[in-house]
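J.: coordinates only, sequence not included:
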């Protein structure tokens, strides 16, 4: 029998970083991690990617975080490597450096891109989606994906993600991806909606959607799918934010954690604050999601409940 999920755990989901990660982020997480569970102590940290444009200093700092963690890599994490136009802009000698590989080596087992990390202590596995995704129904950066992962199509990708998930020793799976799956809405304001011209349309990842459906059909439990990429601030309008939480008919909760910029700089004599999305799981089910802004001492200066279970 597979181990059961820990009764109550708190996840900190870190949205797109875009160079905004400091030692103070470690201090803030560690400060709240030393609290009791009733005070939002963090058990596991999930990073949705886009650390920076192949930013080794940021990735190196994240790799040193002593709290249990899992990461995926976003499109900016192969900014100068994956595409022809990116390679033309590359500020370093690609014949001497492979910064994509260097990021992967720094993160080690924490990187679940096209992979999985089993957390025996929590009774669950974190399954990674397709790395370096831009979203949408076009298979981009074909040569790069073939050379790095042997992937040539959405069909291959979805089969790999599903097989990796189904091989987990745990029945409870959390999917961690850079971009969310298709099927969560086709409006510009939808959680993975296209908010640039032409406005509207579902810009989720079809391979991720199929993989999630496949593993649920095989009996695995998927309480949470979390990602970023599509920033909360919309490009086509300023009077509202993007939808940040979606719950499907089977009870899986989808969280877009891309609250960008994630650090508010010092203002009016007040210290800088940084945001995390805190997800509380009780017996393998999402109970509550809160967006919090913290000082580096762990003090919560503001919080917004994004979703709470009706049960």
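T.: All right, it came through fine. A quick note: this is a predicted structure, and the numbers were derived from the prediction, not measured.
J.: How about residue 64: what's its closest non-neighbour residue?
T.: residue 26 (7.7 Å; C-beta to C-beta, 6 or more residues apart in numbering). Where C-beta positions appear, they are placed from N, C-alpha and C, glycine not excepted.
J.: need the next SSE after the helix or strand containing the one you found, C-terminal direction.
T.: Take DSSP states H and E as the rule and residue 26 turns out to sit in helix 23-33. Where DSSP H and E defines the elements, the next helix or strand beyond helix 23-33 is strand 44-47.
J.: helices or strands up against that following strand?
T.: strand 8-14, strand 69-71 (3 or more C-beta pairs under 8 Å, 6 or more residues apart in numbering; DSSP states H and E).
J.: now what about it, what contacts it?
T.: For strand 44-47, the surrounding residues in contact (C-beta atoms under 8 Å, 6 or more residues apart in numbering) are 9-14, 17, 29, 62, 65, 67-72, 119, 122, 126, 174, 176, 226.
J.: Just to check, residue 231 is in contact with residue 258?
T.: Yes. Using C-beta atoms under 8 Å, residue 231 is in contact with residue 258, at 4.8 Å.
J.: In terms of neighbours, single out the busier of the two.
T.: Ranked by neighbour count (other C-beta atoms under 10 Å), residue 231 and residue 258 place residue 258 first, with 29 against 19.
J.: Can you name the residues that contact the closest residue in space to that one that isn't next to it in sequence?
T.: Leaving aside its sequence neighbours, residue 258 sits nearest to residue 228 (C-beta to C-beta, 6+ apart; 3.6 Å). Applying C-beta under 8 Å, 6+ apart, one finds that residue 228 lies in contact with 15-16, 48-50, 74, 178-179, 256-258.
J.: Most neighbours among these, please name it.
T.: Going by other C-beta under 10 Å, residue 178 tops those with 32 neighbours.
J.: ok, back up a step: go through the helices and strands packed on strand 44-47 and pick out the most buried.
T.: strand 69-71 (a mean of 26; mean count of other C-beta atoms under 10 Å).
J.: returning to what we had before: the residue nearest to residue 64 against residue 69, yeah?
T.: No. The criterion here is C-beta under 8 Å, and residue 26 misses it with residue 69 at 11.2 Å.
J.: any idea how far stretch 298-309 is from the chain center?
T.: When distances are taken as C-alpha atoms, centre = their mean, to the nearest Å, stretch 298-309 is centred 18 Å away from the chain's centroid.
J.: Tell me the buried residues in that stretch?
T.: 298, 300, 306-307 (16 or more other C-beta atoms under 10 Å).
J.: and which of the residues you listed is nearest residue 81?
T.: residue 306 (34.1 Å; C-beta to C-beta).
J.: which secondary structure element contains that closest one?
T.: Short version: residue 306 belongs to strand 300-308, going by DSSP H and E.
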